[in-house]
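Enquirer: Mind folding the following:
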Amino acid sequence: MATEASQSAAAPAIVLVTPQLGENIGAAARAMMNCGLADLRLVAPRDGWPNLAAERAAVGALDLMPPVRVFDQLGAAIADLTMVYATTARDRQMVKPIVTARQAAVEARAHMAIGGKVGFVFGPERTGLLSDDVSLANKLVTVPLNPAFTSLNLGQAVLLIGYEWFQSGDETPASQLPLGGTVPATQAELQNFFAHLERELDACGFLRNEEARPHMIRNLRAMWQRAELTEQEVRTLHGMIKELTTLRAPRRKG
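Expert: Numbering: from 1, shown residues only. Okay, here's the model as predicted:
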């Protein structure tokens with residue numbers, strides 16, 4: 001019999017079948033909240049529900065979720081869903097599509113975008129899902145890992161699925177360069193810096209080899225271009241060169 005709770009329609013449900021330890025349920029809940037998942041359903045938890053060990057391991061995640069729903073049978077737990085993925089690392093000898101967690105996340109978003117309801121089902125810690133449970137799923141999900149050791153605890157498994165779900169909708173740039181209030185240097189500023197640097201390198205004799213000079217200058221310019229200098233950094237480099245040449249002048253006189 002399910003407890004009364006509203007369903008989170010913005011993300012897939014996570015269904016834990018016969019979870020054995022409250023700590024693992026809590027770890028799964030914590031992983032869910034990390035990834036924007038809030039609909040946690042339990043099927044016949046071994047140690048009952050509510051569970052103090054789960055609350056402690058969740059580190060507050062359960063307080064941020066709708067009340068966890070508890071069911072006697074998997075069929076009841078997934079009755080309102082229109083697409084169910086069973087997580088498994090074993091060959092079940094069933095004619096069912098097998099997708100990676102990444103592909104499942106993409107499919108889940110597309111399915112929910114047209115009004116579907118999606119769930120990911122996880123089995124008990126020691127044995128995983130029974131074949132009868134797997135038979136109720138539309139598709140199987142597997143996570144490519146070291147074939148010599150694919151063992152995951154329940155919290156890790158939920159985190160892997162949840163992470164792929166979150167990433168499939170995340171628009172964070174793959175690479176960023178915070179500029180700290182300054183702006184990238186313009187080409188005019190860079191060329192002015194190159195000219196300053198080359199004048200002083202000529203003055204100190206570093207570019208005295210006329211044959212090698214063009215190649216050395218090109219290499220120096222390429223190095224500074226790769227650095228993606230900011231306006232402030234270019235000013236700093238100008239100041240550094242100025243100070244070095246100022247200190248060099250007295251030594252020349254001596």
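Enquirer: Going along the chain, name the helices of the stretch 151-254 of the chain.
Expert: Secondary structure of the stretch 151-254 of the chain (DSSP state H, counting those that start in this stretch): helices at 154-169, 187-204, 213-226, 231-253.
Enquirer: Arg41 contacts Arg69, doesn't it?
Expert: Yes: the pair Arg41 / Arg69 is scored as a contact, 4.9 Å apart, by CB atoms under 8 Å. (C-beta placed from N, C-alpha, C; glycine too.)
Enquirer: can you list residues touching both of the two?
Expert: Common neighbours of Arg41 and Arg69 (criterion: CB atoms under 8 Å, 6 or more residues apart in numbering): Ala77.
Enquirer: and Pro66, what helix or strand is that in?
Expert: Following DSSP states H and E, there is no helix or strand that holds Pro66.
Enquirer: That one touches Arg41, doesn't it?
Expert: No: judged on CB under 8 Å, Pro66 makes no contact with Arg41 at a distance of 10.5 Å.
Enquirer: quick one: which of the two has more around it?
Expert: Arg41 (24 against 14; other CB atoms under 10 Å).
Enquirer: circling back: using JSON lines, lay out the helices of the stretch 151-254 of the chain together with mean pLDDT, distance to Glu125 and mean neighbour count.
Expert: JSON lines is the format used below for those (pLDDT from 0 to 100; distance: least, CB to CB, whole Å; neighbours: other CB atoms under 10 Å):
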{"stretch": "helix 154-169", "mean pLDDT": "95", "distance to Glu125": "5", "mean neighbour count": "20"}
{"stretch": "helix 187-204", "mean pLDDT": "95", "distance to Glu125": "58", "mean neighbour count": "14"}
{"stretch": "helix 213-226", "mean pLDDT": "96", "distance to Glu125": "49", "mean neighbour count": "12"}
{"stretch": "helix 231-253", "mean pLDDT": "82", "distance to Glu125": "53", "mean neighbour count": "12"}
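Enquirer: Determine which of the ones you listed approaches Pro12 most closely.
Expert: helix 154-169 (6.5 Å; CB to CB).
Enquirer: Which strands or helices does that closest one pack on?
Expert: For helix 154-169, the contact count by 3 or more CB pairs under 8 Å, 6 or more residues apart in numbering; DSSP states H and E identifies strand 13-17, helix 22-34, helix 101-113, strand 118-122 as packing neighbours.
Enquirer: Compare the ones you listed and report which one is nearest to Leu201.
Expert: helix 101-113 (50.6 Å).
Enquirer: which helices and strands does that closest one pack with?
Expert: Against helix 101-113 (3+ CB pairs under 8 Å, 6+ apart) you get strand 83-87, strand 118-122, strand 139-142, helix 154-169.
Enquirer: For those, give me JSON lines that also has distance to Met240.
Expert: Listed next are these as JSON lines, based on distance: least, CB to CB, whole Å:
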{"stretch": "strand 83-87", "distance to Met240": "57"}
{"stretch": "strand 118-122", "distance to Met240": "56"}
{"stretch": "strand 139-142", "distance to Met240": "55"}
{"stretch": "helix 154-169", "distance to Met240": "42"}
